[in-house]
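S.K.: Coordinates for the following, if possible.
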Amino acid sequence: MPTIKEQKEIDFYKAKLVEETEVLQNCQKQHRVNSCMLCKEVIGCVTRKTYVNAVYQSMNKGKGGGFEF
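M.R.: Modelled structure (predicted):
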């Protein structure tokens, strides 16, 4: 069972992921696409990079490690 500190960390990363998901979805709506891959600005997109990092952080709970596709 996670400690209170660990639970707070989990909640932080979960909340950050939800927040960044909303930002990404709003960006996709603004650009009228349903996938970042269809957007002409996908290369170098800060919004997408921030979202991908939030996904990664939510998976490893800030413990670090590699992130390769």
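
S.K.: Contacts for stretch 19-37, please.
M.R.: Residues outside stretch 19-37 that contact it (CB atoms under 8 Å, 6 or more residues apart in numbering): 39, 41, 42, 45, 47, 48, 50, 51, 54, 55. From N, CA and C alone the C-beta is placed, and that goes for glycine too.

S.K.: Rebuild these as CSV, extending it with neighbour count, secondary structure and distance to residue 4.
M.R.: Compiled in CSV, the contacts of stretch 19-37 are given as follows (neighbours: other CB atoms under 10 Å; DSSP: H, G, I helix; E, B strand; the rest coil; distance: CB to CB, whole Å):
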residue, neighbour count, secondary structure, distance to residue 4
39, 18, coil, 41
41, 13, coil, 41
42, 14, coil, 40
45, 17, coil, 37
47, 19, helix, 33
48, 20, helix, 34
50, 15, helix, 28
51, 21, helix, 28
54, 21, helix, 23
55, 16, helix, 25
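
S.K.: where does the protein have low pLDDT?
M.R.: 2, 9, 62, 64-69 (pLDDT under 70).

S.K.: Quick one: classify residue 59 as helix, strand or coil.
M.R.: helix (DSSP: H, G, I helix; E, B strand; the rest coil).

S.K.: Is there a neighbour count for it? I'd like the number.
M.R.: The number of residues packed near residue 59 is 12, by other CB atoms under 10 Å.

S.K.: cool, residue 20 as well?
M.R.: There are 20 residues near residue 20, going by other CB under 10 Å.

S.K.: Okay, buried residues for the helix or strand that contains it please.
M.R.: Here residue 20, judged by DSSP states H and E, is contained in helix 4-30. Neighbour-count burial for helix 4-30, counted by 16 or more other CB atoms under 10 Å, picks out 13, 16, 17, 20, 24, 27, 28.
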